[in-house]
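Engineer: Need a 3D model of the sequence below.
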Amino acid sequence: MSETIKFAIVPIDNEALKATPVPDDAVLPVFGVPSAPGSRVEVLSIGIAGAILVVDAADPITLNLTYHDASADSDTTLLTGAAGALGDLKAAGGLTANEVLTLWHGVQSMDPGDTIRAPLSIVTPTTAGDGYYFVVGYRVRQWNGQ
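Structural biologist: This next block holds a predicted model:
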């Protein structure tokens, strides 16, 4: 059983943050546990950073964090993003270019097939964002029965 905290850097697909075309109902992958039997991972924190922050003068650009429990086929919201608060992909949400902002921290136990995703709320940004990524802190509690 490992107690070491590890960090995963998860690049965000820039197509979801371009001015046009904006994908309908874009959902960003954040983290997942492979379907290896007897595996358990604990996610401890999720942060986000961007090199060029997306801009939209008229509309909010926010994301939520959703945990999907594969065995129960159910979703739990970890974060509901809001304009001017956590989950806002613009500077108004506390983001500073090239600095990681923690969106969520706690302990989310994940079993085989479980995922964390980030559904986006985005209309048409006036300036495209670039270089966004998630930083996920986690520890492996059990791997394939070991």
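Engineer: Distance check, the spatially closest residue to residue 133 that is not a sequence neighbour against residue 136.
Structural biologist: Distances taken as CB to CB, 6 or more residues apart in numbering put residue 11 closest to residue 133, at 4.9 Å, once the chain neighbours are dropped. In short, each C-beta sits where N, CA and C put it, glycine included. Relative to residue 136, residue 11 is positioned 12 Å away (CB to CB, to the nearest Å).
Engineer: what's around the residue nearest to residue 133, how many residues?
Structural biologist: 11 (other CB atoms under 10 Å).
Engineer: what do you get for residue 122?
Structural biologist: Residues near residue 122, counting by other CB under 10 Å: 22.
Engineer: List the buried residues in stretch 91-99.
Structural biologist: When burial is assessed from 16 or more other CB atoms under 10 Å, stretch 91-99 yields the following buried residues: 93, 95.
Engineer: and the end-to-end length of it?
Structural biologist: This stretch, stretch 91-99, spans 11 Å end to end (CA to CA, to the nearest Å).
Engineer: which other residues reach that stretch?
Structural biologist: The contact list for stretch 91-99 (CB atoms under 8 Å, 6 or more residues apart in numbering) reads 48-53, 62, 81, 83-89, 101.
Engineer: and the gap between the residue nearest to residue 133 and residue 30?
Structural biologist: 11 Å.
Engineer: I am finished for the moment; much appreciated.
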